[in-house]
Each structure stands twice: as structure tokens, then as C-alpha cells.
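Novice: have a look at this prediction, sequence included:
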Number of protein chains: 2
Amino acid sequence: GAYAYERDPEAITAQSFAIIRTEADLSRFGAAAPVAERIVHAAGDTGILGDIIVSGPVIEATQRALAAGRPVIVDTEMTRFAISARFVPPEQVRCHINDPETPAEAKAAGTTRSAIAIRRAAADLDGAVVVIGNAPTALFELLELIRQGARPAAVYGFPVGFVGAAESKAALAAMATFPFATVKGRRGGSAMAGAAVNAAANATVQLEGA
Amino acid sequence: GAYAYERDPEAITAQSFAIIRTEADLSRFGAAAPVAERIVHAAGDTGILGDIIVSGPVIEATQRALAAGRPVIVDTEMTRFAISARFVPPEQVRCHINDPETPAEAKAAGTTRSAIAIRRAAADLDGAVVVIGNAPTALFELLELIRQGARPAAVYGFPVGFVGAAESKAALAAMATFPFATVKGRRGGSAMAGAAVNAAANATVQLEGA
């Protein structure tokens, strides 16, 4: 071919993380470094490192929830497809955005379909992993449900955009009564959200009592 | 609820684009401004504007291809789900990454499944819209096929990452014998790719002869 480039998937991955470790100091993340590293990888930008927050034992909480068969609840189909079947059994990932009732409920409530996708999962939130990859309204809805008593095992909050994204993630960080991962500010998205979940599910960790 | 935030989807969209137009000067993009604007929206970052290239009549080429029933060929399922059914008929979007033959072909060729997903679409490329949202190897594969004679109508090149992404997009820009959109450097991803396609498919444009 006319182009010389790395084709081998394992070599690409290894070189990518070698570059990230050269350019980025992940030491402040401690045991959560794999989560931060995968977010940087998905963003294609080490400059995002300063905006990443990983709070509490996200990796352990995620792995325990998965091992217990609890669901991974996501806001959109893009977020679902950002989570790798290599790390999370696809049958544990649930998305209600395309439920037949969702559009009418969103219209009636004057909110987004993504927010209704989370509301429709309200009965499943306890002990679940919740992953918001797109919509600030979905993260705000989740925080409301938590204030009303829901107890997710871990929250991945990665809304993106210009209206409400930064605010919803600041509200997540201010609540902080459970393990969570997020990126401050306007940036985010399903690729970073899925990358964080994949990293947590795949990390080598000794679970106490396991 | 405990949080005050904008819930109405149309208001969120309108406010988002108002903020982008306040913060970003889109004038250099001319008629392609809607494409650039949607990429900025998906990135959650007006700072990406300087890296965006929209070359040639991307909007017209995309709309003509869609109207002619030509396929939209994507590298991954995430890219597929970043393209909105409101703007592009889902039955026109094709992804070969989960073809049963793809993993074995990728292993035999020593390349990624995403690259094979494009290679498997080789016979459909003429007049098609091609959207690469994740893998540099898929974009390089497409450029090889174009050198061998394939003639896509338009190319959306948005690989992300630390190995090959910047190089594959530079090679796309250097070829430049067809309309294309891209983001220079390491950043990119399926959300930006899908946003660009959605903007082009939805833009108001007078097609000559239409």
C-alpha cells in the first residue's frame, strides 16, 4: 500500500498507552489511574487530564455490581455501544431511550428522552452502575432520584455540551455520597463514559472478601 | 425538584447554538458553517474550531448521495448510532464490523476489525458517503481503496487517538480529490463524525437541477 502505518490492534493499543504515560502524570489518581488513562485515550487529548475526577472506589464498586448481576443503566444507545462486550456482558446493559413509552412521557414531562430513559430505570437503580454519556438532563434526573433515595453503586457522569453539562457535573461532584467518575466542564460524551466503564470493569483489583 | 435547569429539548438546542455563535466565528466556513457548528457542539468545545476542515461541497454531495439511495458506510456501531434517524434513513447506514467474517479477516490481514469493515464495503464505495468515527486504520484503508479507484461522494474522517489518527487525517486532507470533513490532530470520534453528517443531511440547500 501507499501508506505506512501501524495496523496491529494490540500494538496500536500498547503504543497509545505508552504515549499517554509519557505525556501525562497519572499519579494523583492512584489505583484509579486506569480509569483516567482510558478517558484520556478516548478524548485523544492529554489536556483533559486536569478536568477528570475519579472519586471513591469506582473500580471496586463497578466490579462488585457487575459480579452481582446488577444492571449497567445508560442514557443513550451511543453510550451502550461505547461499553465493550469484552468487559461488560451486553445483557447487563440497559437503555430505556427506545422504550415505546419514552417519547410520549418526555413530551408530557417537557423534558428529554434521555432523562425519561433514566426515570424509567428508577426501580433498578439500587446497586446499579449508571452511565450518562450524553444528556445533562439525564444526569440531573439521576441526581433527583438519588435525593429521593436511590442508591446506585457507582455513577459515570459524562454529559457534553453548552447548556447544563458543566452544571450537572458540578452537581454530581457536590453530592459525592457514592463512587463516581466525571470530566468537569463542557467536554465529555459517550466515548469517554464508555472508556471509563471499560477501564473499571477490566482493571486488575483484589476485591476484599472475593 | 432540587435543581433548576433547562429541560426542554428544543430550548436546549437553541441555547446551545446561540452560545456557539457568540463564542465562535464560523464565517470562514461559508455555506458549510452548519457542519462546523455541529462538530463544535458535539465536542463541547469551541476551541476545536481551528482544527476543523470542511473541503468542497460536502453538504450537496451528501444530500445528493442520500437522495440517490446510496449507502452511508460507517466503521463502527458507535458511528452508526451517532447518525440521527431524523436526518438519515437508518436502512441506508451500513456497518460491516459485526459481519461474521470480519474477525477472521482482520486476524489474517493483521489489521483491525474497523479496517476490514471498510474493506468489506469496497464494492459499495462509489457514490457513497463514508464516515470514519473511530479507527485510523479504517481511514487509511479507505484512502488505499480510493487510490485503487474507489470514488466516494463524500468522506467524513474523524479517527481519534494517539497512534495514526493525526497522520490518517493529514493523508485525507492531502488527497482532497473529493468533498470531505475532518478535524486535524488527535481529537475526533464518532460523536463529531455523526454530528457532521447530521448537519450536512439536515442543512437547507438548493441543489442544482433538483
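Specialist: Looks like it arrived, so ask away. Numbering: from 1, shown residues only, chains lettered A, B, ... in the order given.

Novice: can I get stretch A:122-130 as PDB, trimmed to CA atoms?
Specialist: Taking C-alpha atoms only, stretch A:122-130 is exported to PDB below (Å, rounded to 0.1, in the frame of the first residue of the first chain):
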ATOM      1  CA  ALA A 122     -35.800   4.200  38.700                       C
ATOM      2  CA  ALA A 123     -36.700   0.900  40.200                       C
ATOM      3  CA  ASP A 124     -33.400  -0.700  39.100                       C
ATOM      4  CA  LEU A 125     -31.000   2.000  40.400                       C
ATOM      5  CA  ASP A 126     -30.100   0.500  43.800                       C
ATOM      6  CA  GLY A 127     -26.700  -1.200  43.400                       C
ATOM      7  CA  ALA A 128     -26.600  -0.500  39.700                       C
ATOM      8  CA  VAL A 129     -23.900   1.200  37.700                       C
ATOM      9  CA  VAL A 130     -25.300   4.300  36.000                       C
END
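
Novice: can you tell me what sits against that stretch?
Specialist: When contacts are defined by CB atoms under 8 Å, 6 or more residues apart in numbering or on different chains, stretch A:122-130 is touched by residues A:61-62, A:65-66, A:68, A:70-74, A:94, A:118, A:121, A:142, A:145-146, A:150-156, A:197. Where C-beta positions appear, they are placed from N, C-alpha and C, glycine not excepted.

Novice: give me that answer again for 6 Å
Specialist: Outside stretch A:122-130, the residues within contact range by CB atoms under 6 Å, 6 or more residues apart in numbering or on different chains are A:62, A:65, A:70-73, A:142, A:145, A:150-155.

Novice: cool, stretch A:158-167 as well?
Specialist: Contacts of stretch A:158-167 (CB under 6 Å, 6+ apart): A:132-133, A:135-136, A:139, A:168, A:185-186, A:188-189, A:192-193, B:5-6, B:12, B:15-16, B:19, B:44.

Novice: just the buried residues out of these, in ChimeraX syntax.
Specialist: Buried residues within the contacts of stretch A:158-167, by 16 or more other CB atoms under 10 Å in any protein chain shown, are selected in ChimeraX with:
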select /A:132,133,135,136,139,168,185,186,188,189,192,193 /B:5,6,12,15,16,19,44
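
Novice: looking at the contacts of stretch A:158-167, which are in helices?
Specialist: Residues of the contacts of stretch A:158-167 located in helices (DSSP state H): A:136, A:139, A:168, A:192, A:193, B:12, B:15, B:16, B:19.

Novice: which ones are touching the closest residue to residue A:77 other than its chain neighbours?
Specialist: In this structure, residue A:77 finds its nearest non-sequential neighbour in residue B:81, 4.6 Å apart by CB to CB, 6 or more residues apart in numbering or on different chains. Residue B:81 makes contact with A:77, A:78, A:81 under the criterion CB under 6 Å, 6+ apart.

Novice: surely residue A:40 meets residue A:20?
Specialist: Yes - the pair residue A:40 / residue A:20 is scored as a contact, 5.4 Å apart, by CB atoms under 6 Å.

Novice: okay, those two: which has more neighbours?
Specialist: residue A:40 (26 against 19; other CB atoms under 10 Å in any protein chain shown).

Novice: give me the element the more buried one is part of.
Specialist: helix A:33-43 (DSSP states H and E).

Novice: next, count neighbours for residue A:126.
Specialist: 12.

Novice: just residue A:30 next, same as before
Specialist: Residue A:30: 9 neighbours (other CB under 10 Å).
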